[in-house]
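J.: When you get a sec, could you give me coordinates for this:
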Amino acid sequence: MDIKTFTDVLKYPFVIIFDNANGNKLHKTSCSFVTEENFNLKMITNQGKNGYYSPKEYYEDIRDATVVPCKKCKPTQEK
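T.: Predicted coordinates for the structure are as follows:
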């Protein structure tokens with residue numbers, strides 16, 4: 001999946017933010033932690049060197065044991 005813009009991320013109900021410093025977290029794309037500013041910093045300014053965004057259509061698509069749910073938005077199988 002080739003995500004180039006923040007708008008691409010928002011087309012999906014979930015996103016995993018892979019982050020080398022803070023750990024990998026699953027968010028609803030409506031979460032206040034999922035912002036265009038954060039996306040631009042991680043993906044454009046830092047060119048994905050410390051992590052990246054991986055949008056997901058279905059909760060069941062999350063198969064990475066290093067990913068934990070966001071404590072703020074509490075994503076579940078319901079969109």
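J.: sec struct for the nearest residue to residue 54 once chain neighbours are set aside, please.
T.: Nearest residue to residue 54, sequence neighbours excluded (Cβ to Cβ, 6 or more residues apart in numbering): residue 16, at 4.5 Å. Quick note: C-beta positions are derived from backbone N, CA and C, even for glycine. Look at residue 16: counting by DSSP: H, G, I helix; E, B strand; the rest coil, its state is strand.
J.: tell me which residues form a beta bridge with residue 16?
T.: residue 26, residue 54 (DSSP bridges).
J.: Test my guess that it contacts residue 28.
T.: No - using Cβ atoms under 8 Å, residue 16 is not in contact with residue 28; the gap is 11.4 Å.
J.: ok, which stretches of this protein are helices?
T.: For the chain, the helices defined by DSSP state H occupy 6-9, 36-39.
J.: any chance of these in CSV, with distance to residue 23, mean neighbour count and mean pLDDT too?
T.: CSV is the format used below for those (distance: least, Cβ to Cβ, whole Å; neighbours: other Cβ atoms under 10 Å; pLDDT from 0 to 100):
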stretch, distance to residue 23, mean neighbour count, mean pLDDT
helix 6-9, 19, 16, 96
helix 36-39, 15, 14, 97
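J.: quick revisit: can you report how many residues neighbour the residue nearest to residue 54?
T.: Using other Cβ atoms under 10 Å, residue 16 has 22 neighbouring residues.
J.: Strands of the chain, start to end?
T.: 14-19, 24-28, 51-56, 67-69 (DSSP state E).
J.: Columns distance to residue 7 and mean pLDDT on top of those strands, output as a markdown table?
T.: As requested, those are arranged in a markdown table below (distance: least, Cβ to Cβ, whole Å; pLDDT from 0 to 100):
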| stretch | distance to residue 7 | mean pLDDT |
| --- | --- | --- |
| strand 14-19 | 13 | 96 |
| strand 24-28 | 16 | 97 |
| strand 51-56 | 11 | 95 |
| strand 67-69 | 23 | 96 |
